[in-house]
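*Asks:* Give the three-dimensional model of this entry:
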Amino acid sequence: MDTIKLRAYAKINLGLDVVHRREDGYHEVRMIMQTISLHDRLNIRACKKDDISIKTNLSYLPTNENNLVYKAALLLKEEFGIREGVSIHLDKHIPVAAGMAGGSTDAAAALVGLNQLFQLGLTKEELMERAVRLGADVPYCILGGTALSEGIGEVLTPLPKLPECFVLIAKPPMHVSTKFVYENLSLDTLPSHPDIDGMTEAIQTGQLEGVISRMENVLESVTIPEYPVIGQLKDIMKNAGAKNALMSGSGPTVFGIFTEEAAANNALKLCRKQNPSNVVFLATVV
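*Replies:* Prediction:
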């Protein structure tokens, strides 16, 4: 086996609550995470020269140690003393800096791919233990599916798959600094917190409406006043038939949940018409 081909799936946050800020500067969170069908592709090949080579379809992405894929490959090469090199081609489709764990899911796929390529024999749990060194979202991206995420995002509880639905994704043309969002989040003045326990119960009993009705993200309290287009996208989706709409992660991506594909496609056209610079996709849960 000298070539591995993998898909790296994007994620959305069906619910995101920040519990408190820790003394080390990290924030304790409670989130419901969900992978969707939008994905990047990684082709990983072993080669004789002992280095890490990354090529990508996007010219502005780093291909050195500043790329999480590179860091993931280096982590396993160093730990296991791998003297062969790896050549990785990253075909990027998940929007960058969009609150959809694009970099994290690529790193997760790299860990999985090198584990297979060099027959390291690591279990999923063992890969997840290593993944947290690369970022809080990376262990979840290895797990995938529907999950409750706690701690700084690394304490994961798998949940049953979300009932079938259509997920409209729209990323407005700006980047949002995660650091800015968390630094400006005022936990003392939040009017409410997401019902994460209620959403978890609804998922466990297969009640999609119970999940949708509880969709909430406390980080919107920072981002929507700063970037009103996020709120506008939510309104467009809901007016076009979305059962609910929410910002994913620290933004700026907005997603809407639809039970009818025709309504989702109509909303997709509206999002593109209202602002042609929006990056818009239609996906399903995986």
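
*Asks:* pull the longest strand from this protein.
*Replies:* When the chain is parsed with DSSP state E, its longest strand is strand 27-47.

*Asks:* Could you give the number of residues near Pro62?
*Replies:* Using other C-beta atoms under 10 Å, Pro62 has 12 other residues around it. For glycine as for every other residue, the C-beta is placed from the backbone atoms N, C-alpha and C.

*Asks:* Kindly apply the preceding question to Ala131 instead.
*Replies:* 26.

*Asks:* Numbering from 12 from now on, please.
*Replies:* Yes, from this point I'll number from 12; that puts the last item at Ala142.

*Asks:* ok, the residue nearest to it when sequence neighbours are not counted - contacts?
*Replies:* Counting by C-beta to C-beta, 6 or more residues apart in numbering, Ala142 lies nearest to Val149, which is 3.9 Å off, once chain neighbours are set aside. Counting by C-beta atoms under 8 Å, 6 or more residues apart in numbering, Val149 makes contact with 79, 83, 115, 118-119, 122, 142-143.

*Asks:* Would you mind measuring from Val149 to Leu86?
*Replies:* Using C-beta to C-beta, to the nearest Å, Val149 is found at 10 Å from Leu86.

*Asks:* list residues touching both of these two?
*Replies:* With C-beta under 8 Å, 6+ apart as the test, Val149 and Leu86 both reach Leu122.

*Asks:* on that earlier part again, and which of the contacts of Val149 is nearest to Lys249?
*Replies:* Of all the contacts of Val149, Lys249 sits closest to Ser115, with 28.4 Å by C-beta to C-beta.

*Asks:* What residues does Glu140 make contact with?
*Replies:* Pro150.

*Asks:* does it sit in a helix, a strand or a coil?
*Replies:* helix (DSSP: H, G, I helix; E, B strand; the rest coil).

*Asks:* Tell me where this structure has helices.
*Replies:* Per DSSP state H, the chain has helices spanning 79-91, 113-128, 135-142, 149-154, 189-194, 207-215, 219-223, 231-237, 240-250, 272-285. These are given in chain order.

*Asks:* what would the ones you listed look like in JSON lines with mean pLDDT and distance to Glu165?
*Replies:* As requested, the helices of the chain are arranged in JSON lines below (pLDDT from 0 to 100; distance: least, C-beta to C-beta, whole Å):
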{"stretch": "helix 79-91", "mean pLDDT": "98", "distance to Glu165": "15"}
{"stretch": "helix 113-128", "mean pLDDT": "97", "distance to Glu165": "11"}
{"stretch": "helix 135-142", "mean pLDDT": "96", "distance to Glu165": "8"}
{"stretch": "helix 149-154", "mean pLDDT": "96", "distance to Glu165": "5"}
{"stretch": "helix 189-194", "mean pLDDT": "90", "distance to Glu165": "16"}
{"stretch": "helix 207-215", "mean pLDDT": "98", "distance to Glu165": "16"}
{"stretch": "helix 219-223", "mean pLDDT": "98", "distance to Glu165": "23"}
{"stretch": "helix 231-237", "mean pLDDT": "95", "distance to Glu165": "23"}
{"stretch": "helix 240-250", "mean pLDDT": "95", "distance to Glu165": "27"}
{"stretch": "helix 272-285", "mean pLDDT": "94", "distance to Glu165": "33"}
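
*Asks:* Need those helices in TSV (columns: distance to Ile180).
*Replies:* Compiled in TSV, the helices of the chain are given as follows (distance: least, C-beta to C-beta, whole Å):
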stretch	distance to Ile180
helix 79-91	21
helix 113-128	12
helix 135-142	24
helix 149-154	17
helix 189-194	18
helix 207-215	20
helix 219-223	16
helix 231-237	16
helix 240-250	10
helix 272-285	9
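
*Asks:* Out of the contacts of Val149, which comes closest to Leu133?
*Replies:* Leu122 (8.3 Å).

*Asks:* Could you break the protein into its assigned domains?
*Replies:* 15-169, 177-295 (the TED database).

*Asks:* just to revisit the earlier point, go through the contacts of Val149 and give me the one with the most neighbours.
*Replies:* The residue in these with the most neighbours, by other C-beta under 10 Å, is Ala119 (31 neighbours).

*Asks:* Run through the residues that contact that residue.
*Replies:* Contact analysis of Ala119 by C-beta under 8 Å, 6+ apart lists 19, 83, 142, 149-150, 152-153.

*Asks:* of all those residues, which two lie farthest apart?
*Replies:* Spatially, the most separated pair among those is Ala19 and Pro150, at 14.1 Å (C-beta to C-beta).
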